[in-house]
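Student: Give me the fold of what follows.
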Amino acid sequence: MIKALKSCMPDLEIYASGRSDETLARASALGARVSRDNAYVVSSADLIIVSVKPYHFLDLYNQVPVDFWSSKLVVSVMAGVRLETLSEVLCGAEVFRAMPNINTLVAKSATAIATNNENSGSRSVVEEVFRCFGSVYWVPEEYLDVWTSLVGSGPAFIAEIIDGLVLGAVSSGMTREVAYRATLDMIEGTVKLLRELGLHPIEIRDEVTTPSGTTIQGLKTLEAKGIKAGLIEVVETSFKRSREIGLEIDNSIRSKVRL
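Tutor: Next up, the predicted model:
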């Protein structure tokens, strides 16, 4: 995030806190002012991105005086902690939730943002910041658990699919280097085709599939192995776990802060 922000907004002053010397050193190398003092960082910033692991949130909360959050713009990228809870815990702060993914590293994240105040004048500020990471989607908060499974976890699922395709090519006699580069180019081109021509995936499938050809044989194998059903289940089970974790974390925070 720091790298993307600095590239997008070079004059932006960024403060960062961290739990380890390694984290602080990395943040400093990227151009942030670093500190172990979360209270100092919160008091110094106008917009605070809370990007700790959800189970570390209470540590952060206990280190910052409650009144320091007043009138601050806060965006949580923690999974599971609800807007209602954040608004009550961070007294006086204007709170948003966002869910980017690892593609932020190359400014190609797809980020979902949710708010409980659709008329907030701060929406444009939050969107401007998160557009530095890639594309932005404003969604209802109830979509965020699905978003976490589809878009947050998605790069891991796609990486597995890519690796499987590459291994298939290697098994058939191609070198891994050529297979890997060609697979990435093929996927990039397919995405471009879908996006720019506005096609449904089925349309590409039908255009490529010829009678008694190679593609139909491959599609028969996909059907026999239940790949599409497996992918549907991957998102569903990941979504259910995301929702379970979210409820556990949110309930834990509410009970410990006694809301």
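Student: any idea how far V170 is from E207?
Tutor: Shown here: E207 relative to V170, a distance of 27 Å by C-beta to C-beta, to the nearest Å. C-beta: built from backbone N, CA, C; applies to glycine.
Student: Counting neighbours, go ahead and name the busier of those two.
Tutor: V170 (15 against 11; other C-beta atoms under 10 Å).
Student: Kindly give the local confidence score, pLDDT, for the more buried one.
Tutor: Confidence at V170, expressed as pLDDT, is 98.
Student: ok but it is inside a strand, no?
Tutor: No. Judged by DSSP: H, G, I helix; E, B strand; the rest coil, V170 forms no part of a strand; its state is helix.
Student: Counting neighbours, what do you get for the spatially closest residue to it that is not a sequence neighbour?
Tutor: Sequence neighbours aside, R176 is the residue nearest to V170 in space, at 5.2 Å (criterion: C-beta to C-beta, 6 or more residues apart in numbering). Here the number of neighbours of R176 (other C-beta under 10 Å) works out to 11.
Student: For V166, see how far away R176 is.
Tutor: Here the distance between R176 and V166 works out to 6 Å (C-beta to C-beta).
Student: And T175, by the same measure?
Tutor: For T175, the distance to V166 equals 10 Å [C-beta to C-beta].
Student: Tell me which of those two has more neighbours.
Tutor: V166 (20 against 10).
Student: Spatially, which residue comes closest to the more buried one, not counting chain neighbours?
Tutor: Closest to V166 by C-beta to C-beta, 6+ apart is A179, at 4.6 Å.
Student: Just give me the neighbour total for that neighbour.
Tutor: A179 is flanked by 20 other residues according to other C-beta under 10 Å.
Student: quick one, strands of the stretch 1-150 of the chain?
Tutor: 15-17, 33-35, 47-50, 73-76, 94-99, 109-115, 134-138 (DSSP state E, counting those that start in this stretch).
Student: Give the ranges of residues in the stretch 101-250 of the chain that sit below the confidence cut-off.
Tutor: Counting by pLDDT under 70, the stretch 101-250 of the chain contains no low-confidence residues.
Student: just how off-centre is the lengthiest helix in the chain within its chain?
Tutor: Criterion DSSP state H: the longest helix present in the chain is helix 227-257. Relative to its chain's centre, helix 227-257 lies at 15 Å (C-alpha atoms, centre = their mean, to the nearest Å).
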